[in-house]
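J.: I would like the atomic coordinates for the input below:
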Amino acid sequence: MLTVSGLETFYGPSQALFGVDLSLQQGQVLALMGRNGMGKTTTIRSIMRLTPPKRGTVHFSGQDLAGLQAFRVARLGLGLVPEGRRVFAPLSVEENLRATARDADDTAGGWSLKRVYALFPRLRERAGQAARTLSGGEQQMLAVGRALMTNPRLLILDEATEGLAPLIRAEIWSAIAALKAEGLSILVVDKHLKDLLPLADACVVLEKGRSVWAGSPQALQADAALQHRYLGV
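T.: Below you'll find the model as predicted:
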């Protein structure tokens, strides 16, 4: 479904990615991992063409994304939950969800307000509240719901549970597990290996803007030295 090869991305004269490779199959959960500042968010921005790469290729469902504007990439079926949530603060919960909605029949598996509220009942309870009044966890639920309302074929979550309380993290992970069970393809960045690895089908580790390891979550979990080398603080 998604193939990234030789990605090199710059911010002005400063190079951030030096050759990132990854691939994700239909229905898989791919964990993109690495310490802070190693290029995970830049990789996601490059895939979405928010920061277009200077070299390398990104193919989604066989289509080369080179030259496309970010909104056209989104329309192809890539739904982004950005780091920091970035909900529309003055708008209500329901207005946030309607703002990105694409026509869909929820009885046929498409995403609608009804289905998002079923996944995150807290959002139904707060449907009329301004997004700025929500807790961090509720804003993250809203950011996920907003991405789902675009009816994506690939959901990308950057720092899925960063800064959230354990109980809220558990709700987010439960929702991700439910989405995986429905067959949605997911690319996820998160630091909580205990929660992330049981859901992942494959892992890619970045170090200083390069892909340095790829393999199964079982192999990563069994290799303490590998974790310490690339993921330890």
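
J.: Can you check the pLDDT for the nearest residue to residue 87 once chain neighbours are set aside?
T.: Nearest in space to residue 87, with sequence neighbours left out and distances taken as Cβ to Cβ, 6 or more residues apart in numbering, is residue 131 at 4.2 Å. (Glycine included, C-beta is placed from N, CA and C.) We have a pLDDT of 95 for residue 131.

J.: now residue 105
T.: Residue 105 is assigned a pLDDT of 53 by the prediction.

J.: show me the contacts for the residue most central in space within the chain.
T.: Among the residues of the chain, the one closest to the centroid is residue 157, at 1.7 Å (Cα atoms, centre = their mean). Neighbouring residues of residue 157 by Cβ atoms under 8 Å, 6 or more residues apart in numbering: 81, 144, 176, 186, 187, 188, 189, 190.

J.: next one: residue 90
T.: The contact partners of residue 90, by Cβ under 8 Å, 6+ apart, come to 130, 131, 132.

J.: Output the lengthiest helix in the chain as PDB - backbone C-alpha positions only.
T.: Among the segments of the chain that qualify as a helix by DSSP state H, the longest is helix 166-181. Output in PDB follows, covering the C-alpha atoms of helix 166-181 (Å, rounded to 0.1, in the frame of the first residue of the first chain):
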ATOM      1  CA  PRO A 166      -2.400   6.100  31.400                       C
ATOM      2  CA  LEU A 167      -6.200   5.600  31.400                       C
ATOM      3  CA  ILE A 168      -6.600   7.800  28.300                       C
ATOM      4  CA  ARG A 169      -3.700   6.100  26.600                       C
ATOM      5  CA  ALA A 170      -5.400   2.800  27.100                       C
ATOM      6  CA  GLU A 171      -8.600   4.200  25.400                       C
ATOM      7  CA  ILE A 172      -6.600   5.400  22.400                       C
ATOM      8  CA  TRP A 173      -4.800   2.100  22.100                       C
ATOM      9  CA  SER A 174      -8.100   0.200  22.300                       C
ATOM     10  CA  ALA A 175      -9.500   2.400  19.500                       C
ATOM     11  CA  ILE A 176      -6.400   1.700  17.400                       C
ATOM     12  CA  ALA A 177      -6.800  -2.000  18.000                       C
ATOM     13  CA  ALA A 178     -10.400  -1.800  16.900                       C
ATOM     14  CA  LEU A 179      -9.400   0.000  13.700                       C
ATOM     15  CA  LYS A 180      -6.800  -2.600  13.000                       C
ATOM     16  CA  ALA A 181      -9.400  -5.400  13.500                       C
END
